[in-house]
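>>> Quick one: sequence plus predicted model below, questions after.
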Amino acid sequence: MKFSTLAVIAACFGSSNAFTAAPAKAAFGVPTALKMSTAVETDKMAALATAAKEARGLAMDSIAAAHSGHMGLPLGCAEIGSVLYGSQMMYNAEDPTWINRDRFVLSAGHGSMFVYSWLHLAGYDLPLEEVKNFRQHHSMTPGHPEFPNSEHNTPGIESTTGPLGQGISNAVGLAASEKMAAAVYNTEDHQIFDHHIFALAGDGCLQEGISSEAACFAAHEQLDNLIVMYDANEVTLDKMAEYTQSEDVIARYNAYGWETYDIDGHDLAAVEETIAAAKASNNGKPKFIKCNTIIGKGMEETEGTNAAHGEAGVPYVEKAKANIGLPEGEKWFVSEETRDFFSGVKESNKKEYDAWQETFAAWKEANPELASQLDDAINDKTMSAEEMIAAIPATEAGAEATRVSGNKIIQDIAKLVPHYVSGSADLHGSTRNYINDGGNFGAGFDKSYSGKNLYFGIREHAMGAIMNGFAYHGLFKISGSTFLVFVDYLRATCRVAALAELNRVSYILTHDSIGVGEDGPTHQPVETVSGLRVIPNLDVYRPADAEETVAAMVHSVTHKGGPTALIFSRQNIEQNDAMDFMARREGALKGGYVAKEETEDLDLIILATGSEVPHALNVAKELPGARVVSMPCMEVFERQSDEYKESVLPSSCTKRIAMEAGVSGLWYKYASKVVGVDRFGFSAPGDIVMKELGMTAENLAKEVASMS
């Protein structure tokens, strides 16, 4: 939809449908009520314009003080921010985690002073001193927005953004989570979830392929609670945008199935009415608003050019502030009028918030069991890991792949953690993470928004970002699956999940090694597990049997420090039935444990993980002085006490060998010799590939014998 400014302004005085024609004027002049309404609207627009001007000033002063940052977006999108925070978004700055608040995601995270300025003006607990402290150590205003974590806690930041394309894709996850929350918790008598998700994205976000994947998912699942504003300033960092793109973005989003709008992003009336119309349109289509803007608006030396992308405008800040009408010589200026205006916004929003609280109280009284479930979801409350492994019966499995074990255990997890959901990138039949009787999420076919199984399609990168969006929304735990070798498609989102400490996210990654066999080296991961292990805050579990798999999956829903990657095999693995099932679970929860004790004086330690643990156990049978240590998770083992680690790997025993069907590098931390796979595999039956590349008990015994 493309509308002239006059047409949009005219719609202000029409019916509740923002884009119907304005009614005919009465014969004897404008009615008194309409005059009053017009006056109020004029005052509001003037206040929004003033706020936009002052937000530009805050951004300029903070970036100038830091001599670092992106000035273009905060100046170019000031009217958008003014309308969002001053008119169209529902939030309570004094309760920034209110579960029914509208969410705003700055997908173009490099423009972070945009969101910091507006959070400060809107009354969030972001003091002016922190705005002045932009990009400084331990400030609440880091270079790119960071979801509250152990390093930063900035109220009002809904998503860690910066890697382009991820924020808009997170917003899709937030929207999907809201749809799920409404379906699970709303009742006929009480509606407690009905909020919108807003995202502001630029050309960089839309050029990244992840945004296309996520946009297709959003349209297909009819996420009409999602509103994306496209900062169409015709500029990218190196060149003007036309140098690298020529597609009609509106036509592209129309083709995806979005409802689209095309407006002047500096026209407050147009922005106001278009966002209002997008919110009111519950037609099953996500909303895409192309906001035509001038990057760096107000700074004539750089505006409209790629120079506005960084801090090139710093020398011109004082001149630019004067040009837009800010007081000369005053830094970080905010007028009393703007403070008063946002006090009024705060008061108005508080009335809506209080009315919602009354509805919420009535809902809780009428639905005590559902209320208890929701409380657990909000607070991410589960039983402890120790309690959970005790609640899951012994698997009593024979030789089986850990992906098969995982399929059984996920059913128990889903029952013990009602807010746990799962999905797959078109591989449920192989990764085996389908929740039986959980229903399928989405629109159409046999799907509903209360379904616990998400079908992401062949969109791994978007899957990772959508899962992060679920975690940011703060209600559901979510896992997503693909073949391990394809985790590189979503690795960037795994990194952000780890950085943001999103413990609500876990990854189910199957077909874990060269044991995949016939599919060949394109599908045989060798470097991938180690590549995940080096990501801080990501726990990587590669269990050796069904009981270790119980512990791994329990860890993934009880751990609080970050996400978990679960690495499961395609090939069958023998169970270590010589050891009690609960002892294996308890040991695996500690990341590493003694899977077989030596029967004579200790003179050798064999470390292994996953499908290589049975080889270690078989070799140790013939070596009475050998101890076998199963190490399903290095990261968790490293967090154990020094005393525990010493009990498992005594420093007195330096003769150590490790075995894993993957690259050897990381194992030298624990062993002086490693039997690994430091090359790509080849296409052949899995047992042949394993034998040819040394992943057998016979080869391990040979390597042990060669040690002095």
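Happy to help now that I have it.
>>> show me where the stretch 601-708 of the chain has helices.
613-620, 634-638, 642-648, 686-692, 697-705 (DSSP state H, counting those that start in this stretch).
>>> Could you say which of these is packed most deeply?
Between the helices of the stretch 601-708 of the chain, helix 613-620 has the highest mean count of neighbours, a mean of 24, where neighbours are mean count of other Cβ atoms under 10 Å. C-betas here are computed from N, CA, C, even on glycine.
>>> how many neighbours does residue 393 have?
For residue 393, the neighbour count with other Cβ atoms under 10 Å is 10.
>>> so which strand or helix has it?
Under the criterion DSSP states H and E, no helix or strand holds residue 393.
>>> what's the distance between it and residue 568?
20 Å (Cβ to Cβ, to the nearest Å).
>>> Quick check: residue 210 touching residue 169?
Yes: because the distance of 5.2 Å satisfies Cβ atoms under 8 Å, residue 210 is recorded as touching residue 169.
>>> give the contact list for residue 423.
441, 453, 454, 455, 456, 463, 467, 478, 479, 480, 481 (Cβ atoms under 8 Å, 6 or more residues apart in numbering).
>>> mind redoing it with 7 Å?
If a contact means Cβ atoms under 7 Å, 6 or more residues apart in numbering, then residue 423 has 453, 454, 455, 456, 463, 478, 480 as its contacts.
>>> And for the residue nearest to residue 657 when sequence neighbours are not counted, the neighbour number?
Spatial nearest neighbour of residue 657, excluding adjacent residues (Cβ to Cβ, 6 or more residues apart in numbering): residue 673 at 4.6 Å. Other residues lying near residue 673 total 16 when counted by other Cβ under 10 Å.
>>> isn't residue 673 right up against residue 654?
No: in this structure, residue 673 is not within contact of residue 654 by Cβ atoms under 7 Å, at 11.1 Å.
>>> how about the helices in the stretch 251-400 of the chain?
Secondary structure of the stretch 251-400 of the chain by DSSP H, counting those that start in this stretch: the helices cover 268-280, 317-323, 336-366, 368-378, 385-391.
>>> what angle separates the fourth one from helix 336-366?
The reference is to helix 368-378. Orientation of helix 368-378 against helix 336-366 (axes from the mean of the first three to the mean of the last three Cα atoms, to 10 degrees) gives an angle of 130 degrees.
>>> and helix 368-378, what does it pack onto?
Identification of packing neighbours for helix 368-378 by 3 or more Cβ pairs under 7 Å, 6 or more residues apart in numbering; DSSP states H and E yields no helix or strand.
>>> residues of it that come out buried?
370, 371, 373, 374, 377 (16 or more other Cβ atoms under 10 Å).
>>> Need the CA coordinates for that helix. CSV is fine.
The C-alpha trace of helix 368-378 is given here as CSV (Å, rounded to 0.1, in the frame of the first residue of the first chain):
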residue,chain,number,x,y,z
PRO,A,368,-5.1,-22.1,39.0
GLU,A,369,-3.4,-25.0,37.3
LEU,A,370,-2.7,-23.0,34.1
ALA,A,371,-1.5,-20.1,36.3
SER,A,372,1.0,-22.4,38.1
GLN,A,373,2.3,-23.6,34.7
LEU,A,374,2.6,-20.1,33.4
ASP,A,375,4.5,-19.0,36.6
ASP,A,376,6.9,-21.9,36.1
ALA,A,377,7.4,-20.8,32.4
ILE,A,378,8.0,-17.1,33.3
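>>> between the helices of the stretch 251-400 of the chain, which one is nearest to residue 517?
helix 385-391 (32.1 Å; Cβ to Cβ).
>>> so what does that closest one touch, helix or strand wise?
Short answer (3+ Cβ pairs under 7 Å, 6+ apart): helix 385-391 packs on helix 546-558, helix 581-589.
>>> Off-centre distance for whatever helix or strand comes next after that helix?
The helix or strand immediately downstream of helix 385-391 is helix 402-416, counting by DSSP H and E. Distance of helix 402-416 from the chain centroid (Cα atoms, centre = their mean, to the nearest Å) equals 24 Å.
>>> Next, the angle from helix 402-416 to helix 546-558.
Using the same axes, to 10 degrees: helix 402-416 against helix 546-558 is 40 degrees.
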